[in-house]
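Asker: Prediction below, plus the sequence it came from.
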Amino acid sequence: MSIAGGRASAGIGRRSALALAGALAFGTRAADAPKPARAVTIGLLGLFAPPPPPNADPVEVGFMQGLRELGYVEGKTLVVERRWADGSTDRLAAMAAELARTKVDLIVAAGQPAREAARKATSTIPILTLSGSDPVREGWAQSLARPGGNVTGLTFTLPELGPKRLELLKEAAPGVGRVVVVIDPVEVVDAADVIRETEDGAARLGMQLQVLEVRGAEGLDPAFAAMRRNRAQALFPIAMYAHRDRVAALASRDKVLTVGESIAEAHAGYLIAYGVDVDDIVRRGVAKVDKILRGARAGDVPIERPAKFRLGVNQKTARAIGVTLPKSLLLRADEVIA
């Protein structure tokens, strides 16, 4: 499970292919930051499980590194209660209630399901979430500037990015017409809006779009079987971040083009991935955590939207499935995986 979790997937968000910790550049160094007045306790809550040892989730690593930069040292001035639900929404609800009973100082909710579980568990403990696309529409904020209540954070996705990803797919392979979207409605609270935006984008591009709902990893094999029957040419997985390695392997086997939501998915083997700059999101999230722990009310801390985006392409995958990526796309990419 990652701090990003969900839509990083949806997302919040698991960037095991990236060395995020080294990339984070926090403005205040640990040696210069004023130390917290007392030890504080934060709860990390997420739907999925952390990567198995010896792998560490670099998003969580980067998040914790950012807190250290600001003077919070785990085991000294910081206690961290980690709760990962291994994909079970029932366990997630129970874990959120447990964190509320322990009266942690703040809950970091990784993704939409964790955010909603935390909201149901407490209306008083501050919640910092990296998730969602429209907080007002989704019901967890009165406005971006002044969310009210006990939840703030950063939106992690934008529905309008769906059409942009399809445009990139069309640029990579102009002949692509039959595209399958797989989406986990448990992970995506605003699934209907995301699908509508994506369908509108597909129509403008002359693509035929089929939407398949997938609930967890067990739904992937049936989805790919359906794709083979329908002779799908490309796949757009939404909120499948936790299963990116499996998705990439199945797509490579079937010679299906893939477009994803984060550069980590390009590292996993997706042909193209375009999404928010997670380094920037994590850095700004850490600053909000620090502000709340030092006394600010979560409801008074503005919610921020993504400001930086990154494009990744995987040349190795392109060669494996017989696609020649245009030079224009390669030149615009922030990362080209060779």
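Answerer: The structure has been received and is ready for your questions.
Asker: hey, let's count contacts and neighbours off CA atoms from now on
Answerer: Will do.
Asker: Low-confidence ranges, the stretch 1-150 of the chain, go.
Answerer: Applying pLDDT under 70 to the stretch 1-150 of the chain picks out residues 1-37, 53-56, 58.
Asker: Do a quick rundown of the strands in the stretch 201-338 of the chain.
Answerer: Along the stretch 201-338 of the chain, the segments classed as strands by DSSP state E, counting those that start in this stretch run 208-213, 234-238, 257-260, 272-276, 309-314, 335-337.
Asker: quick one, the first one and strand 234-238 angle?
Answerer: Here strand 208-213 runs at an angle of 40 degrees relative to strand 234-238 (axes from the mean of the first three to the mean of the last three CA atoms, to 10 degrees).
Asker: buried stuff in stretch 312-330?
Answerer: Buried residues in stretch 312-330, counted by 16 or more other CA atoms under 10 Å: 312-318, 321, 323, 325, 329-330.
Asker: Who does the residue nearest to Val40 when sequence neighbours are not counted form a beta bridge with?
Answerer: Setting aside the residues directly before and after it, Val40 is nearest to Leu78 in space (CA to CA, 6 or more residues apart in numbering), at 5.1 Å. Beta bridges link Leu78 to Val40, Glu74 when assigned by DSSP bridges.
Asker: Surely Leu78 and Tyr72 touch.
Answerer: Yes. Look at Leu78 against Tyr72 with CA atoms under 8 Å: they come within range, at 5.6 Å.
Asker: Those two: who's more crowded?
Answerer: Tyr72 (24 against 18; other CA atoms under 10 Å).
Asker: The more buried one: what secondary structure?
Answerer: coil (DSSP: H, G, I helix; E, B strand; the rest coil).
Asker: roughly how far apart are it and Ala320?
Answerer: Distance from Tyr72 to Ala320, counting by CA to CA, to the nearest Å: 46 Å.
Asker: Quick one: the helices in the stretch 201-338 of the chain, in order.
Answerer: Using DSSP state H, counting those that start in this stretch, the helices found in the stretch 201-338 of the chain span residues 220-229, 244-253, 263-268, 278-293, 315-321, 327-332.
Asker: ok, and which of those has the densest surroundings?
Answerer: A comparison of the helices of the stretch 201-338 of the chain by mean neighbour count, using mean count of other CA atoms under 10 Å, puts helix 263-268 on top with a mean of 28.
Asker: I'd like the mean pLDDT over that one, please.
Answerer: Mean pLDDT, helix 263-268: 93.
Asker: Then stretch 294-310?
Answerer: The model assigns stretch 294-310 a mean pLDDT of 95.
Asker: Can you get me the centre-to-centre distance for it and its chain?
Answerer: How far stretch 294-310 lies from its chain's middle: 16 Å, per CA atoms, centre = their mean, to the nearest Å.
Asker: Kindly report the same for stretch 227-242.
Answerer: Distance, centroid of stretch 227-242 to centroid of chain: 18 Å (CA atoms, centre = their mean).
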